[in-house]
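In: Need coordinates for the following:
(2 chains, ligands or ions: 4)
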Amino acid sequence: MKKVAIIGAGPAGIEAASILANQQVEVLLFEKSLNTLSNMLDKAYLFPDFSPANDLVDKLNKKLLHQQITLFTGTEITDVKKDGKEWKVIDAKGMSYIVSAVLLTSGYSVFDAKRKEELGYGIYNGVITSIDLEKMIKYNQIENSMGDKPKRIVFLQCVGSRDEKSGNNYCSKICCVTAVKQAIEVKKLLPDTDVYIFYMDLRMWGQSFEEMYRESQEKYDVSYVRGRISEAASTFDKKIQIKAEDTLLGVPLKMTTDLLVLMVGMEASCGTKTLAETLHIKGEYGFAKSLNCHLQDNETTQQGLFIAGSCKRPMGINETLADARSASVIIMDYINAMQENDK
Amino acid sequence: MSNFGFNISNTRVISMDECNMGNVERLHLEVPSFKRCISCGACSATCSAHQFTDFNIRKLHNLYRRGQYAGLQEELKACMLCGKCTLVCPRGVNLRSMIINMRKILYEANKR
Ligand SMILES: Cc1cc2nc3c(=O)[nH]c(=O)nc-3n(C[C@H](O)[C@H](O)[C@H](O)COP(=O)(O)OP(=O)(O)OC[C@H]3O[C@@H](n4cnc5c(N)ncnc54)[C@H](O)[C@@H]3O)c2cc1C
Ligand code: SF4
Ligand code: SF4
Ligand code: SF4
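Out: Ligands and ions are numbered 1, 2, ... in the order given. Model (predicted):
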């Protein structure tokens, strides 16, 4: 049977590996980190159902215990080349692997909040990102810069997304619902903490997102302010002062907060950017580009090279998994056709 | 003193740290449905008073929510309590009850 190389062992890579393996395909799965699911490890609970992230991590990792799957962790793929009808996948140490098809699932990384200097990340300790807060929630250690329980937490949406100044005009899609989810989690742990969410639009597009938003207002007293925070500064007592316009009132507004949480967006990961470039499938903002977003969304301009998950565009886990399953079907068709030709 | 022809403007900035949010909490207790408001403006759009005057119930309850109570008690008197706004609200806010309770809470607060 044919071999397939999958680059990146996130949700997309693992789901595809398991489906292909069940079809008797030999899968080589490469992950540059020492652990699979590198973007999932510090997550507490997942939207939209508040299921523990650990459960999903365990279930996905279990799928990898399969005879047909060889997992290479700590193995970064740095180059991929067409080799006749086959593909040659090369890692950072110079080892190469010959396969019939390649699936790119190299995913995303989060926007580096230091790039928005005016928001004070990396300058003031009270300014953190959604990734930092997720860890605090996971280990039940929500503290301000002085090590005290915060009396107020302010979230700011669209950091590094929908922002020409960051070079990203697109919406990252997952941060609105993540803020609402995290606000609820904060309120569950610290019911007396004031929670404000500053937004440009609230994009509650997914099933049950809008209901979660409604519940956050009704049951958890989360307050929403429409307006983008323009800048953050430190006060003498080590709080963070923010400025915004309440655009629904048309008046400027300021407040101090113990923690300012920046909802960082999703960008193409470094691996996605480099591989999409070398493979000539680079799309907008460095994401990998499919042939056609409707009918050939897992195929690329290169025969035998397929893409799935958040290396294409920002997406949540359920969409990522569905996309990996769809890529697996297309890859099976491709491999079966190759085998027919070999006969 | 010489008059140089200019004066210092008062700031328009709402300082959330100095707001008394007690009235908001009281309103939430009396009319919990108010918490669900998403500021869509359907209430103002349907309001007869809004068609002919500056009376804007969406803006007034937004001001209340931010602790900006000055002048509200007077402005709210323009409401005829007809209840049309309650009928159109997509989030099921009981506006009529909200308006009555806002007036009640502000009356008591201003009395003190
Ligand atoms: C703050 C935040 C919270 C989120 N919360 C949720 C949530 O609650 N629910 C939800 O559904 N979604 C959530 N998401 C989205 C979720 O993280 C993604 O949908 C999901 O991780 C995408 O999976 P993926 O496999 O496409 O990519 P990734 O998870 O990014 O996996 C890609 C893998 O590829 C590896 N890799 C990259 N380049 C190379 C290379 N050159 N060689 C080898 N390996 C490589 C990476 O190390 C990584 O492990 C959240 C996202 C953010 C930013
Ligand atoms: S999902 Fe929400 S926070 Fe994220 S970029 Fe889009 S609008 Fe902004
Ligand atoms: S119609 Fe309802 S949700 Fe819309 S602004 Fe009025 S009270 Fe708020
Ligand atoms: S009850 Fe008051 S605010 Fe509502 S529609 Fe009638 S007049 Fe307008």
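In: where does chain A come near chain B, residue by residue?
Out: Taking Cβ under 8 Å from any Cβ of the partner chain, the part of chain A that reaches chain B is made up of A:214, A:217-218, A:221, A:223-224, A:226, A:246, A:248-249, A:251-256. No exception for glycine: its C-beta is placed from N, CA and C like everyone else's.
In: end-to-end on stretch A:40-55?
Out: 11 Å (Cα to Cα, to the nearest Å).
In: cool, and stretch A:138-152?
Out: With Cα to Cα as the measure, stretch A:138-152 spans 19 Å from end to end.
In: That one and ligand 1, any residue contact?
Out: No - for stretch A:138-152, no contact with ligand 1 is found by Cβ under 6 Å from any ligand atom; the gap never falls below 11.8 Å.
In: Could I get the buried residue list for that stretch?
Out: Buried residues in stretch A:138-152, counted by 16 or more other Cβ atoms under 10 Å in any protein chain shown: A:K138, A:I142, A:N144, A:S145, A:P150, A:R152.
In: How far does that stretch sit from its chain's centre?
Out: How far stretch A:138-152 lies from its chain's middle: 25 Å, per Cα atoms, centre = their mean, to the nearest Å.
In: quick one: contacts of that stretch?
Out: Outside stretch A:138-152, the residues that touch it by Cβ atoms under 8 Å, 6 or more residues apart in numbering or on different chains are A:42-44, A:53, A:124-126, A:133, A:136, A:153, A:186, A:189-190, A:192-196, A:238-239, A:255-259.
In: try it again with 7 Å
Out: A:42, A:44, A:125-126, A:136, A:186, A:189-190, A:193-194, A:238, A:257-259 (Cβ atoms under 7 Å, 6 or more residues apart in numbering or on different chains).
In: same question for it, mean pLDDT?
Out: In this model, stretch A:138-152 carries a mean pLDDT of 93.
In: Report the residue ranges of every domain in chain A.
Out: Residue ranges for each domain of chain A read A:3-107+A:269-342, A:113-265, as given by automatic domain parsing.
In: Now render the ones you listed as TSV, adding distance to ligand 2.
Out: Shown next, in TSV, are the domains of chain A (distance: least, Cβ to the nearest ligand atom, whole Å):
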stretch	distance to ligand 2
domain A:3-107+A:269-342	8
domain A:113-265	3
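In: thinking again about what came up before, could I have the ChimeraX command that selects the buried members from the contacts of stretch A:138-152?
Out: Paste this into ChimeraX to select the buried members of these, with burial taken from 16+ other Cβ under 10 Å:
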select /A:44,126,136,186,190,193,194,257,258,259
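In: Which residue ranges of chain B form helices?
Out: Secondary structure of chain B by DSSP state H: the helices cover B:22-30, B:42-46, B:48-52, B:57-65, B:72-75, B:84-88, B:95-111.
In: repeat for the stretch 51-200 of chain A
Out: A:53-63, A:130-138, A:175-189 (DSSP state H, counting those that start in this stretch).
In: out of the ones you listed, nearest to A:I77?
Out: Set against A:I77 and scored by Cβ to Cβ, these come closest in helix A:53-63, at 20.1 Å.
In: what is the mean pLDDT for that closest one?
Out: Rounded mean pLDDT across helix A:53-63 is 98.
In: Of all the residues in that helix, which ones are buried?
Out: A:A53, A:L56, A:V57, A:L60.
In: from those residues, which single one is nearest A:E117?
Out: Nearest to A:E117 among those, with distances taken as Cβ to Cβ, is A:A53, at 30.9 Å.
In: Could you double-check that the closest one sits in contact with A:A44?
Out: Yes - if you go by Cβ atoms under 7 Å, A:A53 and A:A44 touch, sitting 6.2 Å apart.
In: ok, back up a step: the contacts of stretch A:138-152 in strands, which ones?
Out: Among the contacts of stretch A:138-152, the members falling in strands (DSSP state E) are A:D194, A:T257, A:L259.
In: And for A:I131, the neighbour number?
Out: For A:I131, the count of nearby residues is 16 (other Cβ atoms under 10 Å in any protein chain shown).
In: If we ignore the residues flanking it in sequence, what's nearest it?
Out: A:V110 (6.0 Å; Cβ to Cβ, 6 or more residues apart in numbering or on different chains).
In: One more: B:I100?
Out: B:L81 (7.2 Å).
In: Quick one, grab the pLDDT at the one you found.
Out: For B:L81, pLDDT reads 97.
In: wouldn't it be in contact with B:L95 here?
Out: No - using Cβ under 7 Å as the test, B:L81 is too far from B:L95 to be in contact (9.7 Å).
In: which residue does chain A bring closest to ligand 4?
Out: The nearest approach of chain A to ligand 4 comes at A:L248, 16.8 Å away (Cβ to the nearest ligand atom).
In: Assumed that residue was part of a helix.
Out: No - assignment of A:L248 by DSSP: H, G, I helix; E, B strand; the rest coil gives coil, placing it outside any helix.
In: Okay then, goodbye and thanks.
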